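>>> my questions are about this predicted structure, shown below with the sequence.
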Amino acid sequence: MKLGIVGAGKEKFTPETEAEAKSLLQVVIRFHEPTLILSGHSPMGGVDLWAEELAAELGIPTRIHAPTRFTWGGPGGYKERNLAIAAGSDLVVCVVVRDYPPGFQGQRFETCYHCEQHGQDEPHVKSGGCWTAWKCRERAWIFVP
């Protein structure tokens, strides 16, 4: 199985939710026993990099789709990268947090509009990983409290 792992950037986690997310990633990887892990190597760190580190620890090959341009559209942008992850994965797992951490300084959204437009009503912080997961034929979400 080719497992895509996407989710929130590091700044959206507290030390506690980061530890929980890393633990959940271990469970997901051990449960699915992937032959390949796909990641987007986010410049914001977080779930993408934790998945890559865990794959290296477990000796699981990776296919990294790092953006070459830090823009949504065009060649090498986030959209192209996210579509490559979705297309190359049998299952995409998206790890997000329910709430912004105290003192979060980044852009805030009331809901994850990617999930809201698909009728998914579990409240969580918006993530581009959700957009990627919706593009894959099989997907799962992990919500870190």
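Alright, I've got the coordinates. Numbering: from 1, shown residues only.
>>> when you work out contacts or count neighbours from here on, use the C-alpha atoms and nothing else.
Fine.
>>> can you pull out the helices in the chain?
15-32, 47-58, 78-88, 113-116, 128-135 (DSSP state H).
>>> turn the ones you listed into JSON lines, including distance to residue 70 and mean pLDDT.
Below are the helices of the chain laid out as JSON lines (distance: least, C-alpha to C-alpha, whole Å; pLDDT from 0 to 100):
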{"stretch": "helix 15-32", "distance to residue 70": "24", "mean pLDDT": "97"}
{"stretch": "helix 47-58", "distance to residue 70": "16", "mean pLDDT": "98"}
{"stretch": "helix 78-88", "distance to residue 70": "7", "mean pLDDT": "95"}
{"stretch": "helix 113-116", "distance to residue 70": "20", "mean pLDDT": "91"}
{"stretch": "helix 128-135", "distance to residue 70": "13", "mean pLDDT": "92"}
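>>> closest to residue 106 out of those?
Residue 106 lies closest to helix 128-135 among those, at 14.1 Å (C-alpha to C-alpha).
>>> which other residues reach the closest one?
For helix 128-135, the external contacting residues (C-alpha atoms under 8 Å, 6 or more residues apart in numbering) are 6-8, 82-83, 85-87, 92-95, 114-115, 139-140.
>>> just the buried members of those residues?
6-8, 82-83, 85-86, 92-95, 114-115, 139 (16 or more other C-alpha atoms under 10 Å).
>>> on that earlier part again, for residue 104, which of the helices of the chain is the nearest?
helix 15-32 (13.2 Å).
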